[in-house]
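Peer 1: coords please:
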Amino acid sequence: MSSPLARQVEDWSRGQCDGWLAQLYGEVDRTHSERKHLPPTSVQSQLVTVLSKVLLGNLAAGSSVEQTAALVLSHREPGLPFMNLQGMCLQAAESTDDEGALRRLADWLVALAHLPDAVNATDEDKIESQAMLPDGTWGDRLIKSGDFIELENGRLWRDLPGFSMNITENTQGPEPYTYRIRDPDTPATATAKWRNLNVFIALIIVHPHARDIRTFTPLASAVFKTFVMALEYERHAQGLAMHVPAATQIMRIAGQRLAEIDVTNSYQWPAGRLWADSGGAKAGHPARFAFWRDRLAGLEQQT
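Peer 2: Down below sits the predicted model:
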């Protein structure tokens, strides 16, 4: 019998290859009512396979990163599979509650960001599509042989172009999972996905090799927002049940690290009503963090 983790990874993998990736890059399977399926030879399908092995612990960290980089760089438009890869990664994080798997996923991403700057090592031009050109127009920008592969938001790999934007878009709370037009999640599933994603983010925040990667700096802001949403507003029972598990896991994994972060010039989230009413709207980060910790402890005692 397969393990819970193996079933979660299998479900995630199927959802990628038969879901959004199939819609974007799939071929029609005429034996199944015109349904699209992602070809196993595609770069995207092979990236799903690599990430599946990462989650299951079936591929050494060094090998997984090397294979990931080689697949992305094999594409004539490397920015395309790289952006796809970020969607795969964040959906993989949402899809498993196995902390060991999430830790391996964090290790993989941190290691990817530490690879040397990527270069077009082929004899052919590569492309960044829909890029801002020197004359101010938009179009395909050529990446010549020997050039660094630099996308609009930075270089592969150290800048993880687009990652900060994806984190911002994916950390709006558990409720958006239930609002989706196609296949909206139940509150229970949304709660689990939100908790799992925040565990993944917390594991990156405390990762010993993540502090020198600029792209990971905004992650602290993302989880501070999670605390604000969960702990600074009055919520009905279901709202609390959806928000508090994520806050609890962040505090357990990264609380000590987050309490030490200097927030003098950043991470200044607007005060929620409970924090403002406590007279703390003008207080510093240590007092606000103590408020979060105390309120979280109180809520946990009630459950």
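
Peer 1: drop to CA atoms for contacts and neighbour counts, all remaining ones
Peer 2: Will do.

Peer 1: what lies in contact with stretch 75-82?
Peer 2: Val43, Gln44, Val72, Asp125, Lys126, Ile127, Glu128, Ser129, Leu151 (C-alpha atoms under 8 Å, 6 or more residues apart in numbering).

Peer 1: the fifth one bridge partners, please.
Peer 2: Following DSSP bridges, Lys126 is listed with bridge partners Ile143.

Peer 1: distance of it from Ala70?
Peer 2: 14 Å (C-alpha to C-alpha, to the nearest Å).

Peer 1: who's more crowded, those two?
Peer 2: Lys126 (24 against 12; other C-alpha atoms under 10 Å).

Peer 1: quick one, what contacts the more buried one?
Peer 2: Applying C-alpha under 8 Å, 6+ apart, the residues near Lys126 are Arg76, Glu77, Pro78, Asn120, Leu142, Ile143, Lys144, Ser145.

Peer 1: equivalent analysis for Ala6, please.
Peer 2: Per C-alpha under 8 Å, 6+ apart, neighbours of Ala6: Leu56.

Peer 1: could you look up the SS state of it?
Peer 2: Assigned with DSSP: H, G, I helix; E, B strand; the rest coil, Ala6 falls in the helix class.

Peer 1: just give the nearest non-adjacent residue to the most centrally placed residue in the chain, would you?
Peer 2: In the chain, the residue lying closest to the centroid (C-alpha atoms, centre = their mean) is Leu90, at 3.6 Å. The shortest distance from Leu90 to any non-neighbouring residue, by C-alpha to C-alpha, 6 or more residues apart in numbering, is to Leu197 (7.1 Å).

Peer 1: residues near that neighbour, how many?
Peer 2: Using other C-alpha under 10 Å, Leu197 is surrounded by 24 other residues.

Peer 1: list the contacts for it?
Peer 2: So Leu197 contacts Leu90, Ala93, Glu94 (C-alpha under 8 Å, 6+ apart).

Peer 1: what residues of stretch 233-252 count as buried?
Peer 2: For stretch 233-252, a neighbour-count test (16 or more other C-alpha atoms under 10 Å) marks Leu240, Ala241, Met242, His243, Val244, Pro245, Ala246, Ala247, Thr248, Gln249, Ile250, Met251 as buried.

Peer 1: quick one: those as CSV, columns for distance to His114, secondary structure and pLDDT too.
Peer 2: Listed next are the buried residues of stretch 233-252 as CSV, based on distance: C-alpha to C-alpha, whole Å; DSSP: H, G, I helix; E, B strand; the rest coil; pLDDT from 0 to 100:
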residue, distance to His114, secondary structure, pLDDT
Leu240, 38, helix, 95
Ala241, 37, helix, 95
Met242, 35, helix, 97
His243, 33, helix, 97
Val244, 33, helix, 96
Pro245, 31, helix, 97
Ala246, 28, helix, 98
Ala247, 29, helix, 97
Thr248, 30, helix, 97
Gln249, 27, helix, 98
Ile250, 24, helix, 98
Met251, 27, helix, 97
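
Peer 1: nearest to Ala210 among the residues you listed?
Peer 2: Ile250 (16.5 Å; C-alpha to C-alpha).
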